[in-house]
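>>> This is a predicted model, with the sequence first.
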Amino acid sequence: MTGPLIDIRGVTKTYLSGSVETPVLHGVDMTVERGDFVSIMGASGSGKSTLMNILGCLDQASGGTYLLDGVDTRSLGRPQLADIRNRTIGFVFQSFNLIKRMSVAENVALPLIYGGVGRGKAHARAMAELERVGLGALGQRTPSQLSGGQQQRVAIARALATDPPLLLADEPTGNLDTQTSDDIMHSFQQLNRERGITIVLVTHEADVAAYSRRLVRLKDGRVLYDGPAAEGLRQFASVQIGIAP
Amino acid sequence: MNPIQVLIESFRSMAANRLRTALTMLGIVIGIASVVLLLALGDSMQRFIGKQLQMLGTNMVYIMPGGDRTAAQRAREGKVAVLTRGDAEALNALPSLTGAAPALQGSFKVSAGNENLSSTVLGVTPPMFTIRNWKVDQGTLFGEADVRAGARLAVIGQKVADQFFYRADPLGRYLRIENVSFQVIGVLAGEGRQPDGTDLSEQIVVPITAASAHLVKSPFPQNVHYINAQGRPNVAMTDAIEDMKEVLRDRHRIRVDDPDDFRIQNLSEIADTANKISAGVALLLGLIGAISLLVGGIGIMNIMLVSVTERTREIGIRMAIGARPNAVLLQFLAEAVVICLAGGLVGIAIAAGGAALITTFADFEVYLTLSGMLIACGFATAVGMFFGFYPARRASRLLPVDCLRYE
């Protein structure tokens, strides 16, 4: 397909609590081309997580359009959205979100099983994916027997099990130490370069955002900056110190 | 997601909360156990009654002395109600009956060699053999001449023969009943409980004259304890009973307006009563079963709701990686059904144990039927489906974003 992988126009999101409307996104426009590596930054309350949830089809926008891989997601029902999350999107969360009762291999195989792949085949592919992230020997362990970094690798293996074109990561290094964070970000970079996977990640750490090619900065539900990561991060640093560019 | 995967997941989540699962199951276990036992009991009861009737013939009646009034009432009126051998002979001559026979019955000390036991002894006349359908395995039954002679002969049940003579041939040997010798001339075929509660194989049958003279030793040798009569197959039982009443009222010189001084008990009435009792027991068990299934079902619903809440985050994860709402619904529904079915199987096992206990201790055969077990499994599944649906639907309707935010 030729168009951008992600194309959102005028996306708004308003939360209703009782009769009080809380607008979070005020018309966000953004496109992500195939193979791009984008970081979304912003202070808490800027709407970056809300945007991420909408991009991941975990939540629906209140207004505007969202074309994912050319498909208008607002016209889809819940089963179709589930299928999109299964085949088109891989998720990596801050808190890993592995199912504790299941072995590591079963966790990785689960998206395949929901996608209709048979048990044996799903298991084989899960093991191959674990091999890729360097955890092939730990398939039979439970998540609690692994370190944080290892758990996040399992989560990455799970996200990629169905071979989706898009990887969404919400603060993937938020629960990890600096060394492990660097390792994880290196793997992201590698995935982006070698497998051509489009990556969108949310972070509030400049060190993490520095791994990406492009930066989108949100403030109060609007896009403040959208451009090369290096440039954006420099501007941000200057603002931080209080020197005009 | 294939069914095997769904089942594996169900077992896994049940295993994760063993105690809770077991407690949740308890209501279903009790409910299914009582339903299965009830079906088995109803079935066995009917079979039992059917066998009794077959053994005795539906057209047999018991005639007892004394009408609807109590002995005390009659004593106040200065009348003593009795039945005599003469009454039995008169009834035996009735064309609407195949026969009528008197009986004296009592428990007496019986001994042979070193064995000394108390046993039920029946004094009868030969027509009783045909009415009750008694036959001998070995030897012979006694005849009219033996009754007239007051011969001290005995026909004994199989257990009596085993008790007193072990494996030796009992024919021609002697039993001492109340220290009077009776010669064994036959061994009764078959066994089983009779309507009066005795076991055929534990019985000793002697000529009524001998029983009267040597055992009962009543000052009125003609009196009998009861009379059995059997209507002809081609005669309506009500007609036969009318004939019997007429003969007895005539012989007892009862005036037209006075009540009977005897009671004719139809065996089908006894069977009806037994049926009613078994229906009552079945109803009670059924009620217990239904209430436990209801309470158990509500328990399941409750626990499933707790489980859905507890696993909100897990539901979110599953949805995020591509579980359709129906897959989530199916998973929780399967869990409820698996809990119920497992509870049902435990219930069936308990019912089987109960049936075995009843069979052993109550001398009354109860066994589970395949149809009963299938019905129970169907019931368990239905309870799981019914009470599991609401929590499962609730889980499937959660929004992934809300679930993932849930702590």
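Yes, it's here.
>>> what's the burial count for the nearest residue to B:Leu91 once chain neighbours are set aside?
Closest residue in space to B:Leu91, ignoring its immediate chain neighbours: B:Ala100 at 3.6 Å, by C-beta to C-beta, 6 or more residues apart in numbering or on different chains. Glycine gets a C-beta too; all of them are placed from N, C-alpha and C. The burial count assigned to B:Ala100 is 25, neighbours taken as other C-beta atoms under 10 Å in any protein chain shown.
>>> Is any residue of the helix or strand encompassing B:Asp272 near chain A?
Of the helices and strands defined by DSSP states H and E, B:Asp272 is found in helix B:267-310. No: Helix B:267-310 stays out of contact with chain A when judged by C-beta under 8 Å from any C-beta of the partner chain, the minimum separation being 11.8 Å.
>>> Looks to me like B:Ser181 is in a helix.
No: under DSSP: H, G, I helix; E, B strand; the rest coil, B:Ser181 sits outside any helix and is assigned strand.
>>> how about it, what does it touch?
Residues in contact with B:Ser181, defined by C-beta atoms under 8 Å, 6 or more residues apart in numbering or on different chains, are B:Arg152, B:Tyr174, B:Leu175.
>>> How about the backbone phi and psi for the residue nearest to B:Leu91?
In terms of degrees, to the nearest 10, the main-chain angles of B:Ala100 are phi -140, psi 140.
>>> So in terms of bridging, what pairs with it?
Beta-bridge partners recorded for B:Ala100 (DSSP bridges): B:Ala229.
>>> what's the answer for the one 4 residues further on, then?
B:Leu104 forms beta bridges with B:Gly123, as assigned by DSSP bridges.
>>> my guess is it contacts B:Leu122, does it?
Yes: when contacts are counted by C-beta atoms under 8 Å, B:Leu104 is listed as touching B:Leu122 (7.2 Å).
>>> Now the common contact residues for the two.
B:Ala211.
>>> what's around the residue in chain A that chain B sits nearest to, how many residues?
In chain A, the residue found nearest to chain B is A:Asn86; the distance is 2.4 Å by C-beta to the nearest C-beta. Per other C-beta under 10 Å, the neighbour tally for A:Asn86 reads 23.
>>> Now do the SS call for it.
Applying three-state DSSP: A:Asn86 is helix.
>>> Does anything pack onto the helix holding B:Asp272? Which helices or strands?
Applying 3 or more C-beta pairs under 8 Å, 6 or more residues apart in numbering or on different chains; DSSP states H and E, we find helix B:267-310 packed against helix B:18-56, strand B:60-65, helix B:325-362, helix B:370-397.
>>> Which residues in the shortest one does the neighbour count mark as buried?
Using 16 or more other C-beta atoms under 10 Å in any protein chain shown as the burial criterion, the residues of strand B:60-65 that qualify are B:Met60, B:Val61, B:Tyr62, B:Ile63, B:Pro65.
>>> Repeat that for the longest one.
Of the residues in helix B:18-56, those buried by neighbour count under the rule 16+ other C-beta under 10 Å are B:21, B:24-45, B:48-49, B:52-53, B:55-56.
>>> circling back: neighbour count for the contacts of B:Ser181 - can I get that in JSON lines?
Formatted as JSON lines, those follow (neighbours: other C-beta atoms under 10 Å in any protein chain shown):
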{"residue": "B:Arg152", "neighbour count": "20"}
{"residue": "B:Tyr174", "neighbour count": "17"}
{"residue": "B:Leu175", "neighbour count": "26"}
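>>> Intersect the residues you listed with the contacts of chain A.
Okay, of the contacts of B:Ser181, nothing touches chain A (C-beta under 8 Å from any C-beta).
>>> from the chain's centre, how far out does the lengthiest helix in chain A sit?
Longest among the helix segments of chain A by residue count, using DSSP state H, is helix A:178-194. Here helix A:178-194 shows a centroid-to-chain-centroid distance of 14 Å under the convention C-alpha atoms, centre = their mean, to the nearest Å.
>>> what does it rub up against?
With C-beta under 8 Å, 6+ apart, helix A:178-194 has contacts from A:35, A:37, A:133, A:147-149, A:152-153, A:156, A:160, A:167, A:169, A:172-173, A:176, A:197-199, A:201, A:205, A:207-208, A:211.
>>> For PyMOL, what selects the buried ones among the residues you listed?
Per 16+ other C-beta under 10 Å, the buried members of the contacts of helix A:178-194 correspond to this PyMOL selection:
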select buried, chain A and resi 37+133+149+152+153+156+160+167+169+172+173+176+197+198+199+201+208+211
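>>> contacting residues around the residue of the stretch 151-300 of chain B found nearest chain A?
As assessed by C-beta to the nearest C-beta, chain A sits closest to B:Ile300 within the stretch 151-300 of chain B, at 20.2 Å. Counting by C-beta under 8 Å, 6+ apart, B:Ile300 touches B:Thr24, B:Gly27, B:Ile28, B:Ala336, B:Ile339, B:Cys340, B:Val383, B:Gly384, B:Phe387, B:Gly388.
>>> Using PDB, write down the CA coordinates of the longest helix of chain A.
Extracted as PDB, the C-alpha positions of helix A:178-194 are listed here (Å, rounded to 0.1, in the frame of the first residue of the first chain):
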ATOM      1  CA  THR A 178      19.300   3.000  32.500                       C
ATOM      2  CA  GLN A 179      21.400   0.100  31.300                       C
ATOM      3  CA  THR A 180      18.400  -2.000  30.500                       C
ATOM      4  CA  SER A 181      16.600   0.900  29.000                       C
ATOM      5  CA  ASP A 182      19.400   1.400  26.600                       C
ATOM      6  CA  ASP A 183      19.300  -2.300  25.700                       C
ATOM      7  CA  ILE A 184      15.600  -2.200  25.000                       C
ATOM      8  CA  MET A 185      15.900   1.000  22.900                       C
ATOM      9  CA  HIS A 186      18.700  -0.600  20.900                       C
ATOM     10  CA  SER A 187      16.400  -3.500  20.100                       C
ATOM     11  CA  PHE A 188      13.700  -1.100  19.000                       C
ATOM     12  CA  GLN A 189      16.200   0.600  16.700                       C
ATOM     13  CA  GLN A 190      17.300  -2.700  15.300                       C
ATOM     14  CA  LEU A 191      13.700  -3.800  14.700                       C
ATOM     15  CA  ASN A 192      13.000  -0.500  12.900                       C
ATOM     16  CA  ARG A 193      16.100  -0.800  10.800                       C
ATOM     17  CA  GLU A 194      16.200  -4.500  10.100                       C
END
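>>> Partner strands of the next helix or strand along the chain from it, with direction?
Note on helix A:178-194: by DSSP H and E, the next helix or strand toward the C-terminus is strand A:198-202. Next to strand A:198-202 in the sheet, as set by DSSP bridges, lie strand A:37-41 (parallel), strand A:166-170 (parallel).
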